[in-house]
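> Sequence and predicted model, in that order:
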Amino acid sequence: SAVISQKPSRDICQRGTSLTIQCQVDSQVTMMFWYRQQPGQSLTLIATANQGSEATYESGFVIDKFPISRPNLTFSTLTVSNMSPEDSSIYLCSVDMRAGELFFGEGSRLTVL
Amino acid sequence: AQKVTQAQTEISVVEKEDVTLDCVYETRDTTYYLFWYKQPPSGELVFLIRRNSFDEQNEISGRYSWNFQKSTSSFNFTITASQVVDSAVYFCALMGEYGNKLVFGAGTILRVKS
């Protein structure tokens, strides 16, 4: 398995502001993923972040709203830009340790007022 | 398209009862992977199992067991002698042959009462 740390674990934000979530892994991984879990809902993939290339976004998610950085093989950030109450969710970082075994961070719970 | 259906929205059992969580999936891929995750109230997602499409053997891990039936496209999860600590949301997920994208079911809330 992997130790995946996310910061912040939770935050309360004002409408119109932006927040950057960090994901740190204790080993080098090729692929990192960002998921969103809206209240009472299942998880939806936002994007795949590969080191050295631009993130690949899923349908319904765009780079301007959710810019992602992947500066090295152990770290990634997701920014939620110009937040609205609809962005209130748990955002989870996930890594592929080997051949499809995906592990998740503890999540970052965002509340937008 | 890939899809995972967890028809049971919520299940309540009394401690020590056995409980089965259903998962039905749809995919056109020949090779695929099925997962179960547990999400306790604290929010983190705990990996429980991954099964590939070529391995239909049932698996048992302690009080947990999984029944994979390709003929019915199902991957059901049974908890034997449930405990209060088993209370959580359980997600079934599917990964196709290409890429690493997980498609999640809606989740089943399991409440185990003492």
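Here it is on my side, so go on. Everything numeric in this text was worked out from a predicted model, so none of it was measured.
> residues from chain B in reach of chain A?
B:33, B:35, B:37, B:42-45, B:47, B:50, B:91, B:95, B:99-102, B:104-107 (C-beta under 8 Å from any C-beta of the partner chain). To be clear about C-beta, it is placed using only N, CA and C from the backbone, and glycine gets the same treatment.
> ok, 10 Å please
B:4, B:6, B:32-33, B:35, B:37, B:39, B:42-47, B:49-50, B:52, B:89, B:91-93, B:95-96, B:99-107, B:109 (C-beta under 10 Å from any C-beta of the partner chain).
> Looking at the residues you listed, which are in helices?
Among the residues of chain B next to chain A, no member falls in helices (criterion: DSSP state H).
> The helix or strand bottoming out on mean pLDDT in chain A pairs with which strands?
For chain A, counting by mean pLDDT, DSSP states H and E, strand A:101-104 ranks last in confidence among helices and strands (a mean of 85). Strand A:101-104 sits in its sheet next to strand A:89-98 (antiparallel), going by DSSP bridges.
> Now do the partner strand: distance to the chain's middle.
The gap between where strand A:89-98 is centred and where its chain is centred comes out at 7 Å by C-alpha atoms, centre = their mean, to the nearest Å.
> Now it: buried residues?
Across strand A:89-98, burial judged by 16 or more other C-beta atoms under 10 Å in any protein chain shown covers A:89-97.
> JSON lines for those residues, including pLDDT and distance to residue A:79?
Putting the buried residues of strand A:89-98 into JSON lines (pLDDT from 0 to 100; distance: C-beta to C-beta, whole Å) gives the following:
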{"residue": "A:89", "pLDDT": "96", "distance to residue A:79": "14"}
{"residue": "A:90", "pLDDT": "95", "distance to residue A:79": "16"}
{"residue": "A:91", "pLDDT": "97", "distance to residue A:79": "10"}
{"residue": "A:92", "pLDDT": "95", "distance to residue A:79": "15"}
{"residue": "A:93", "pLDDT": "95", "distance to residue A:79": "13"}
{"residue": "A:94", "pLDDT": "93", "distance to residue A:79": "17"}
{"residue": "A:95", "pLDDT": "91", "distance to residue A:79": "19"}
{"residue": "A:96", "pLDDT": "83", "distance to residue A:79": "22"}
{"residue": "A:97", "pLDDT": "75", "distance to residue A:79": "25"}
